[in-house]
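A.B. asks: The sequence and its predicted three-dimensional model are supplied below.
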Amino acid sequence: MTAPSLVRFQGERIQSDMDLFTLREETIRLAREVGFPELAVTQLNALVAEVARKLLMRRQGASCYVARCRSKGRVGLEIVVIVSGMEEEAVRKTLESNSEFFWREGNRVICERSILDLVRVLAPADHGAQVELIKWKS
């Protein structure tokens with residue numbers, strides 16, 4: 001993975017619509033830079049807005065970054081959200097609740113494959129949860 005070219009809301013929640021606007025603008029810029037078609041750019045922008053509203057605007061101590069990523073000759077966009085003080089299962093429930101993008105299959109959170117290639121909710125050792133979202137360029 002390349003170093004994040006990012007809007008980072010490290011250690012504090014998105015405090016205002018202006019912060020959310022900045023995060024969405026960075027998502028659009030990086031998605032276009034990677035070379036996604038406009039439909040994918042629009043979908044990723046809407047998805048980031050939903051995740052930010054659900055996990056970042058309501059939680060103190062949450063952080064997020066959006067970055068270009070590279071693996072096995074593929075390039076893509078990675079969105080990582082770290083939410084302290086919120087357990088893994090609570091994050092899963094929050095993501096799927098009234099969601100346009102996410103739903104549950106057993107213990108997994110799923111997203112339409114045409115929008116994201118990977119959705120992973122992890123529980124790092126520091127008593128919180130981390131959400132990793134990746135979209136690879138076809």
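C.D. replies: Thanks, I have it.
A.B. asks: Low-confidence bits of this protein, can you list those?
C.D. replies: Within the chain, the ranges that satisfy pLDDT under 70 run 1-17, 57-61, 125-127.
A.B. asks: Which residue ranges of it form helices?
C.D. replies: 17-34, 38-51, 88-96 (DSSP state H).
A.B. asks: Switch these over to CSV; also include mean neighbour count.
C.D. replies: Quick note: C-beta positions are derived from backbone N, CA and C, even for glycine. Formatted as CSV, the helices of the chain follow (neighbours: other C-beta atoms under 10 Å):
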stretch, mean neighbour count
helix 17-34, 17
helix 38-51, 17
helix 88-96, 17
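A.B. asks: nearest to Ala67, of these?
C.D. replies: helix 17-34 (7.1 Å; C-beta to C-beta).
A.B. asks: what's the spacing between the closest one and its chain's center?
C.D. replies: 12 Å (C-alpha atoms, centre = their mean, to the nearest Å).
A.B. asks: Can you tell me which helices and strands it packs against?
C.D. replies: For helix 17-34, the elements it packs on are helix 38-51, strand 62-71, strand 74-84, judged by 3 or more C-beta pairs under 8 Å, 6 or more residues apart in numbering; DSSP states H and E.
A.B. asks: Kindly reformat these as a markdown table containing distance to Val131.
C.D. replies: Below are the helices and strands packed on helix 17-34 laid out as a markdown table (distance: least, C-beta to C-beta, whole Å):
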| stretch | distance to Val131 |
| --- | --- |
| helix 38-51 | 7 |
| strand 62-71 | 9 |
| strand 74-84 | 4 |
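A.B. asks: closest to Ser99 out of these?
C.D. replies: helix 38-51 (6.7 Å).
A.B. asks: So which other helices or strands are in contact with the closest one?
C.D. replies: Going by 3+ C-beta pairs under 8 Å, 6+ apart, helix 38-51 lies up against helix 17-34, strand 74-84, strand 128-136.
A.B. asks: quick one: that helix to strand 74-84, angle?
C.D. replies: 10 degrees (axes from the mean of the first three to the mean of the last three C-alpha atoms, to 10 degrees).
A.B. asks: Now do helix 38-51: everything it contacts.
C.D. replies: 20, 23-24, 27-28, 31-32, 36, 66, 77, 79, 81, 95, 99-101, 111, 114-116, 131, 133, 135 (C-beta atoms under 8 Å, 6 or more residues apart in numbering).
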